[in-house]
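**Student:** how would this look folded up:
(chains A and B)
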Amino acid sequence: MTGLSLSKKIMGSAILLVIVCGGVTTWNTSREAERRLLPVINRKSVAVGQAVNAVLTRALDYGVPFERLNGTEEYFDKIISQPQNRDLAYLAVTDRSGKILYSAGKGLEEVSNLFAREAEKCNVAPHKIYSDSFTDNSLPVSAGGETLGALHLGVRKTFVRETLRNVLFDSFTVMLVSLLITFELLFFLVTRTVINPITDMESFFRRGAQNDFSSPPEIVPVGEIGRFTRTLHAWVDRLRAACEKTSAPGINFAPSLEAENALRHGNLYLIRPPLFILVFAEAMSMSFMPIYTSTLVDPAATWISREVIIGLPISVFMLCWGCAQPLCGMWADRFGIRSAFISGSIMTAIGLTCSGFAHSLPELLAYRAVGGVGYGMMFITSTTYVATHTDSTNRTRGMAMFLSVFFAGSLCGTAIGSILAERIGYANVFLLSGSLAFFSTFFIYFWLSVIPQTKRVVEKSAPGKFTIQMRKSRNKYIMFMRNLRFLALTFLVAIPAKMCLTGFMNYTAPLFLRELECGQSSIGRVLMTYGLVMIVVAPLAGRLADRLGNRRLFVQIGSAIAGAGLLVTYFLPNMQGVMISIGLLGLAHAIGVPSQLALLPEICRKETTHFGHGTVMGIFRLIERTGSIVGPLLAGVLIASVGFAGTFFGIGVLTLSGIFIFTIIISLTESGDDGE
Amino acid sequence: MSEKLSVKISYTLMIIITVSLALNSALNMLNFEKTYVNFERQRYEVYGQGVKEIVDNMLALGLTVPEMAALREKLKDFIAKNPDVVSVRILDAKNICRFSAAREDCPEFSQDFRLLPPGLSEKALGDLLATYSYRAVVKNFTDSFGETGGRLILLYDRKDAASAFSEMKRFLVVNLAAIMAVASVLGFLCIHLITARTSRKIRAMTEALETGATSDFDPADPMLADFAAFREASAAALKRLSPPDAGQSSEQT
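**Tutor:** Residues are numbered from 1 along each chain as shown, chains lettered A, B, ... in the order given. As a prediction, this is how the structure comes out:
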């Protein structure tokens, strides 16, 4: 307990420090940038003023009276409405006394009295007037050597701040990502050097008091704890040596099961950093993958619609990820988790790096396929690691940790990838993400040599056993296909949920936002809403679902929110709409997806008894993944045929219809035996 | 490298904060540069727009660019009125430079614009013509048939922007260094204060094992109480297992 409370304090102070430092940097930098940009904007507005003045002077030189410059206000309106003149709040011409003759724009009521007060200065030379909201740049208007009045251009003081708003958003995103990275790295360090040794020590002292001196805490290489563990080992060695000389009944040195379990559970955290880094690396390209693909597609050279083709890399990646999992699971069983993880991360790194250098769509598809296999390998290896390092007492917590790292990595990667893509280009982001994936390999190889090579002895097949297994496997699928409730959950709830994720969030949303001319950073920020909502809501929803126990209700609520969420973008087709939809999708999945898995044994009671929970889960997962593969393709077809609005509506209605039919089927089959 | 745990944690924390703040500052710098260059370009586009309107009007009257002899004087006036502009050139529809004017301190360019790739936007052409010292603004002229009747190429100095960027960079570095200095001290103090009690306890336990001294451990502290019980049990076992004289010496060492 000492270790835990200590780590909480360390993490708390570290997070506070990151927030304070990030906040101060952002505040200082934006203030300085504002100060330095204001003169540039003023110079630009003076240039506009000179151009406007030249037009006025020309008219006056032609002999038009100063009081009868018809069309001046329309001309001013036109200038103010130009996108490059967003900095201008108003344009006005005053006479020699400072009375406004012609004007356009907003805010003149605040400055009109200043014009009269400063008229003399304005009529002589270019002059600046400062009010609460504006910087007024005035230029004298003259004709035939006589000054007739002044032209005023108002620059909004808040304009620079508005321009820098994106910079601020980026800074906050970086701060949020820094927080998560700080948490991950410090958690690793603190767990390795403080929590685990102290927890082991406390457990060892308690056992030692009962004359059980087995499994003393591992020697930590650093600090006071390091010195203590070394001394403790020396002490135990002395005791053991004395014991070997004399028979000592009641004194135990043989490793106990409890101690071994504690060590195994304690090593669970080791998977966090490499998993985080790899998910981070893969997610870096998430926000721009469809946009990047569109740059490689030659619209004339294909017979399939362009929109469908743009979705192919995501579908291929998902397909390879899904297909790789069972095979890679076997690899992990045969050759050990460590080697499977290393192979997976190397393949992911190769896939990512090469994607940045792809010159054509087939090349990109091939690289995404390699990346997908690697990612699938890493994914299954990590889940296996969690499963082997937990037992029934802490498996749920282990899986929750796995998911939290997965979503934290995904969130950080999406955000940072999009910010960097805007500045250093897509290819460089791919290169960077590939390097990060390679780094995770080194992390596993050099740092985490303690990951055990959990090799399982693979049974050699007896002759004819394969045929029997095939028959069993076929029967297994037939049994599942007869369970209407299983089919309803899989095809009407789980597959649409995956389709929403890949079809809407990974594919349609980035393309739609690009169509709205949103910057890459903004696209990334919108997409990261999903991960953010997941991280915050998923644990709370999980706890609530555990307490209430009504899993089906959570599944229904989740799907309904997802469907309704997509319709938000249909009715609100702008960046805010997409953000709300993605946030609601995150909420829906946080509520519904864990409950789908919990509901599964309930609706597949017979199959679970027959084949075991793992097999039921595996088959469910395998079929569910088709949603991820089909999602982008379906969205592509919909975009090509009914446009973006139709796609949002289509996927939303599909999800809502799915949950509606699911509810009917489940209600009708409630009294039946497993839905058959 | 210090052996102390608090120092190691502080180092790690500082590295993470430095990387995060450096990334933050780099992004801020890139955004500042982009915004600055954008506003600067807009200003020179306004300058160029004036010349473009004159040429467009003449094209609408049916003149071609080579026939606009009056432009020579107008361009000289333009350069005199806008000292920030380095040079201005007027190209005809075949991208041959017909008129130009430049600031006195500006070196003469003998660039063959006929090689300019067709189909590029004005902004892309501007980026293409930019050099190490100058940036360019390009404006296309439109004739009475709505076709490109020529181009304006306006060059302006990068010096202003470069000095603004270097000042901003200096500010960011100083700001980063100052924040890091304060954060390092604060971070180290925080971590030291947090770990101090545990460090003290562990040092006391180490000492108790190394010297065999039986310190009074606070029974209210669970870890120390557990340690005391362990120490007592293990010492008793050691005494029981060792010969009487050896047992005594082991207690004392």
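**Student:** up against chain B, what does the stretch 301-450 of chain A have?
**Tutor:** Selection of the stretch 301-450 of chain A residues close to chain B by CB under 8 Å from any CB of the partner chain yields A:419, A:423. Where C-beta positions appear, they are placed from N, C-alpha and C, glycine not excepted.
**Student:** report the secondary structure state of the residue of the stretch 301-450 of chain A found nearest chain B.
**Tutor:** Closest to chain B within the stretch 301-450 of chain A is A:Arg423: 5.0 Å, counting by CB to the nearest CB. Of the three states, A:Arg423 takes helix under DSSP: H, G, I helix; E, B strand; the rest coil.
**Student:** count the residues that sit near the nearest residue to it once chain neighbours are set aside.
**Tutor:** Leaving out its chain neighbours, the residue that sits closest to A:Arg423 by CB to CB, 6 or more residues apart in numbering or on different chains is B:Leu30, at 5.0 Å. Applying other CB atoms under 10 Å in any protein chain shown, we find 17 other residues in the vicinity of B:Leu30.
**Student:** B:Leu30 reaches A:Ile419, doesn't it?
**Tutor:** No: under the criterion of CB atoms under 8 Å, B:Leu30 is not in contact with A:Ile419, lying 9.4 Å apart.
**Student:** residue 78: what's it in contact with?
**Tutor:** Going with chain A. By CB atoms under 8 Å, 6 or more residues apart in numbering or on different chains, A:Lys78 lies in contact with nothing.
**Student:** try chain B instead
**Tutor:** Neighbouring residues of B:Phe78 by CB under 8 Å, 6+ apart: B:47, B:50-51, B:85, B:88, B:101.
**Student:** 6 Å instead, please
**Tutor:** Not one residue lies near B:Phe78 by CB atoms under 6 Å, 6 or more residues apart in numbering or on different chains.
**Student:** could you list the buried residues of the strand or helix carrying A:Ala234?
**Tutor:** Assigned by DSSP states H and E, A:Ala234 belongs to helix A:223-245. Across helix A:223-245, burial judged by 16 or more other CB atoms under 10 Å in any protein chain shown covers A:223-229, A:231-232, A:235-236, A:238-239, A:242-243.
**Student:** which stretches of the stretch 1-150 of chain B form helices?
**Tutor:** With helices called from DSSP state H, counting those that start in this stretch, the stretch 1-150 of chain B shows them at B:5-60, B:71-81, B:122-129.
**Student:** now do the helix or strand that contains A:Asp77, average pLDDT.
**Tutor:** Assigned by DSSP H and E, A:Asp77 falls within helix A:72-81. What helix A:72-81 shows for mean pLDDT is 90.
**Student:** ditto for stretch A:48-64
**Tutor:** 87.
**Student:** and whichever strand or helix holds A:Ile10, what does it pack onto?
**Tutor:** A:Ile10 belongs to helix A:2-61 when assigned by DSSP H and E. Using 3 or more CB pairs under 6 Å, 6 or more residues apart in numbering or on different chains; DSSP states H and E, the elements in contact with helix A:2-61 are strand A:134-143, strand A:146-156, helix A:158-163, helix A:165-190, helix A:196-209, helix B:5-60, helix B:159-211.
**Student:** switch these over to CSV; also include distance to A:Val578.
**Tutor:** CSV is the format used below for the helices and strands packed on helix A:2-61 (distance: least, CB to CB, whole Å):
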stretch, distance to A:Val578
strand A:134-143, 34
strand A:146-156, 28
helix A:158-163, 21
helix A:165-190, 15
helix A:196-209, 43
helix B:5-60, 23
helix B:159-211, 33
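**Student:** what would these look like in a markdown table with mean pLDDT and distance to B:Ala235?
**Tutor:** Formatted as a markdown table, those follow (pLDDT from 0 to 100; distance: least, CB to CB, whole Å):
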| stretch | mean pLDDT | distance to B:Ala235 |
| --- | --- | --- |
| strand A:134-143 | 87 | 81 |
| strand A:146-156 | 88 | 79 |
| helix A:158-163 | 78 | 70 |
| helix A:165-190 | 78 | 32 |
| helix A:196-209 | 82 | 11 |
| helix B:5-60 | 84 | 27 |
| helix B:159-211 | 88 | 10 |
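**Student:** minimum distance to A:Ile523: which of those has it?
**Tutor:** helix A:165-190 (12.0 Å; CB to CB).
**Student:** after the least confident helix or strand in chain A by mean pLDDT, next one along is what?
**Tutor:** The helix or strand of chain A with the lowest confidence, counting by mean pLDDT, DSSP states H and E, is helix A:465-482 at a mean of 62. Downstream of helix A:465-482, the first helix or strand assigned by DSSP H and E is helix A:484-487.
**Student:** among the buried residues of helix A:223-245, find the lowest-pLDDT one for me.
**Tutor:** A:Gly223 (73).
**Student:** per-residue pLDDT of the closest residue to chain B within the stretch 451-600 of chain A, please?
**Tutor:** Per CB to the nearest CB, the residue of the stretch 451-600 of chain A with the smallest distance to chain B is A:Ser521, at 9.0 Å. With respect to pLDDT, A:Ser521 has a value of 81.
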